[in-house]
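[1] need a structure here:
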Amino acid sequence: MRSGVIIIPHWRGAPDLLACLASLAAADLAGADVLLVDNGSDDGSVAAAQASFAWIATLRLPENVGFAAAVNAGLRWASDHGAAWALPLNNDTVVAPDFVAPLLACTAAHRRAGLIGPKILYHSDPTRIWQLADVEHRWWPVPQPLGRDARDGPQWTRERRVDYVPFCAVWMRRELIEDVGLLDQRYRLYYEDADYCRRSRAAGWEVWSAPASQIWHKVSRSARLVAPQSRYWHTQTRVMFYRQHPHGPHPALTAAYLATSLGLSLARDLARARPDLFIATLRGVWDGLRAPVGPRR
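    Here you go, the predicted model:
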C-alpha cells in the first residue's frame, strides 16, 4: 500500500504551481506521491511542471470541471493506487519542509480523526494566520473562525478538535473516504469543504486542527483571475450550504444573517461601481435558492 498521495488541483498559473512543487520537492513527504490534477489548463503550466519535476504524476482533465471534481478525480486515483491517505493541496501554496509529520502524528493520536488541517498562513505576511479552522456555536447562526487574520503566537499552537477545516490543504484518511464518499460536485468551487466536514462528522468521524503543520497560502490567486465568476460561485454555494446544513438556534436567524451580509456586499459593489459583481451576486443568490440540496446519490 502506498503511504499517501498529495493531490494538487490545478488550473493555469505556472509560477504559483512551480513554487508549490519546489516546496514539496524540499519537504519530507513520508513516502507520499504527488499527483497534479489539471483542469484543462491551456497556458503551458503543466508542461513546465513536468519538465522541472519529472517525478510527479499527472492526471489531465479535458476541461475545467471545478475544484471539487478535480479533487474527486485525485481521490479516485489515490484509491486505485492503494494510498493510505490523501492530501488535497492548493496550487498557490508553499509548504513547510516538515508539514506532513504533524498530520500523521495527529491521526496516530486520534483514531477517529478523519480530516486534519494544518495552520494556514498568508504567503504575503508569513507570520499572520489566514485560517486555522471554524467551530460551531449553539447560539450563533454561522460557524466562527479560529485565528483568522491573527498574528501567529503560542495561543495558536494547540492541537484541537474543530468542526471545519479548509480544503486548500487537508489530510484525509482512506477509511473516511471509503465511508463518507467523495466531495459533492454541486459545490463546484466553494463550500465543498464545509459540506464534507459536516457529512464526515455526521458519519462519526472527527475533524482536527494540527497547527504544528504549516503552509503558506497566496489566497485565491486563480479565483481573482475571474472575479465575477468567483463571486457567483461563492454566493451560490454559500446559499446552498446553509439551506442544506442548518446552524444555530433557528434557520430564520441564519437566513437573516446571510441576507444582511449579502445586502452589505451588494451595497459595496454599487458604491465601487462594480455592476458585474452586483449581478453575479444576485445570480448566485437566485441559483443557490433553486439548486437541489440534500444527500448525494
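[2] need the contact list for Leu29.
    Ser3, Gly4, Ile6, Val100 (C-beta atoms under 8 Å, 6 or more residues apart in numbering). Where you see a C-beta, it was placed from the backbone N, CA and C, and this is true even at glycine.
[3] quick one: it from Phe241, how far?
    To Phe241, Leu29 is 32 Å away according to C-beta to C-beta, to the nearest Å.
[4] helices along this structure, start to end?
    In the chain, the segments counted as helices under DSSP state H are 14-25, 45-52, 67-80, 100-109, 174-180, 192-202, 221-224, 227-244, 251-271, 275-290.
[5] so what secondary structure elements neighbour the first one?
    Using 3 or more C-beta pairs under 8 Å, 6 or more residues apart in numbering; DSSP states H and E as the contact test, the elements touching helix 14-25 are strand 5-10, strand 33-39, helix 45-52, strand 93-95.
[6] and what of the third one?
    If contacts are counted by 3+ C-beta pairs under 8 Å, 6+ apart, helix 67-80 sits against strand 5-10, strand 33-39, strand 57-61, strand 85-88, helix 174-180, helix 192-202.
[7] any idea which of the ones you listed gets closest to Ala150?
    Among the helices and strands packed on helix 67-80, the nearest to Ala150 by C-beta to C-beta is helix 192-202 (20.5 Å).
[8] could you give the angle of the closest one to helix 227-244?
    20 degrees (axes from the mean of the first three to the mean of the last three C-alpha atoms, to 10 degrees).
[9] Glu206 versus Leu36, what's the distance?
    Distance of Leu36 to Glu206, given as C-beta to C-beta: 30 Å.
[10] more neighbours: which of these two?
    Between Leu36 and Glu206, counting by other C-beta atoms under 10 Å, Leu36 is the more crowded of the two (25 against 18).
[11] which residues are in contact with that one?
    With the criterion set at C-beta under 8 Å, 6+ apart, Leu36 makes contact with Ile8, His10, Leu17, Val46, Ala49, Ile56, Ala57, Thr58, Leu59.
[12] and the pLDDT at it?
    For Leu36, the model assigns a pLDDT of 98.
[13] how close does Cys106 get to Ala203?
    Going from Cys106 to Ala203 by C-beta to C-beta gives 19 Å.
[14] if we can go back for a sec, distance to Ser265 added to the helices and strands packed on helix 14-25, as JSON lines?
    Shown next, in JSON lines, are the helices and strands packed on helix 14-25 (distance: least, C-beta to C-beta, whole Å):
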{"stretch": "strand 5-10", "distance to Ser265": "26"}
{"stretch": "strand 33-39", "distance to Ser265": "27"}
{"stretch": "helix 45-52", "distance to Ser265": "32"}
{"stretch": "strand 93-95", "distance to Ser265": "26"}
